[in-house]
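Undergrad: 3D, please:
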Amino acid sequence: MNTKLFFIPLIFLLTACQNNKPIQPATIEAIATNLPNWVNNPPSDTGNFLYGSGSSDTKKQAIKEALVDLSSKLGIHVESKFQSSTKVTNYGYESVEENSESSIKTDVKGLSISQYQIEEVYSASPIQFYVLLKTDKTQLYTTYKNELEQELSHHKSAQIAYKKAGRYERYQKSCQNKLSLPAFNRKLAAAKTLNPEMRLRTFQAYENKVTQQFRIAKKQLNFNIHYTDSNSKYFSEPLSTALAKADLWGRKSKSLTIKLSTSARFNKASGFNIGRYLLDLKVYDKGNLIGGKKVKYLRQSRRFENREPLKAG
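TA: The predicted model follows:
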């Protein structure tokens, strides 16, 4: 074997390795030195503005992170998402960027923050972006306050129809109003943070009224079940259990009646016995039909009995 031929490529390999010099710490320090001051030291919030900063491997994600930072100053947990748009104008602020890649809307579990201005953007590399945002506290507060007042106004105007509605409809409406309270309170808390002088009495009275209406509507409502056959009786048991857990089950003289009837078809397929049930539920108030629903139920089993319904396993 020619040892000279063996050592020639080895020499080239060692030479090539020597030419690939590692990045010196000084190079990294130089990159860090070039970062704008606001990256590590964002502006302090003022009486007029809130600031938020964020960084990520894309500009969109960096904006999202900056919105999360900004929103956290309202004392509320944040969930963010992107909304595509060609142009963004928010209370006098021009588009987010010249060609407006997208508008980013941050949802704070029922609270939206879409009014912000991009103050600074710095790209340390093609995969590293820093963003600084600010929002006008007065404008954001005014938006939230207007939305809260609109909710109060809508509730007040709906009271006439609410009082004329039947027990079942009142219960449904009061449930919807009660479910909206957490988002209402989050928005109220954010508005109070933005303007500590905000008066809460009117809004707290609204919350108390919604809660009271729900309690009264629920107290006035309970159901009993009438079934027509053995299959209906079988399906009435889990229904009555669910109503009892919701404190809506009873056999009072003023109870609403759920009439439950079923029809069934049975056949065999692929070695299984299949039962197809159609549950017909109708709700009556003093003999008057006020609602109803049909539910399909499918059950397959290796055992097949005509007399009893196929039980869930």
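Undergrad: where in the stretch 151-300 of the chain is pLDDT low?
TA: Along the stretch 151-300 of the chain, the model assigns pLDDT under 70 to residues 251-253.
Undergrad: hey, where'd the helices end up in it?
TA: Taking DSSP state H, counting those that start in this stretch as the criterion, the stretch 151-300 of the chain contains helices spanning 159-164, 167-179, 181-194, 201-219, 230-245.
Undergrad: ok now the third one, how far from the chain's centre?
TA: Just to be clear, that refers to helix 181-194. Distance of helix 181-194 from its chain centroid, counting by CA atoms, centre = their mean, to the nearest Å, is 16 Å.
Undergrad: which parts of that helix are buried?
TA: By neighbour count on 16 or more other CB atoms under 10 Å, the buried set for helix 181-194 is 184, 186, 187, 188, 189, 190, 191, 192, 193, 194. (Each C-beta comes from the backbone N, C-alpha and C, glycine too.)
Undergrad: Can you show me the helices along the stretch 1-150 of the chain?
TA: Counting by DSSP H, counting those that start in this stretch, the helices of the stretch 1-150 of the chain are 3-19, 25-33, 37-40, 59-72, 137-157.
Undergrad: which one of the buried residues of helix 181-194 is nearest residue 257?
TA: Closest approach to residue 257 among those (CB to CB): residue 184, at 34.9 Å.
Undergrad: List the residues that contact the closest one.
TA: 110, 148, 151, 203, 206, 207 (CB atoms under 8 Å, 6 or more residues apart in numbering).
Undergrad: who are the neighbours in contact with the residue nearest to the fifth one when sequence neighbours are not counted?
TA: In this case it means residue 206. Leaving aside its sequence neighbours, residue 206 sits nearest to residue 152 (CB to CB, 6 or more residues apart in numbering; 5.2 Å). Residue 152 sits next to 202, 203, 206 when contact means CB under 8 Å, 6+ apart.
Undergrad: now swap in residue 148 and tell me
TA: Per CB under 8 Å, 6+ apart, neighbours of residue 148: 184, 187, 188, 191, 203.
Undergrad: Beta-bridge partners for residue 297, please?
TA: Following DSSP bridges, residue 297 is listed with bridge partners residue 277.
Undergrad: ok, back up a step: for the residue nearest to residue 206, give its distance to residue 49.
TA: To residue 49, residue 152 is 28 Å away according to CB to CB, to the nearest Å.
Undergrad: what do you get for residue 212?
TA: 40 Å.
Undergrad: So for those two, which residue has more residues nearby?
TA: residue 49 (17 against 11; other CB atoms under 10 Å).
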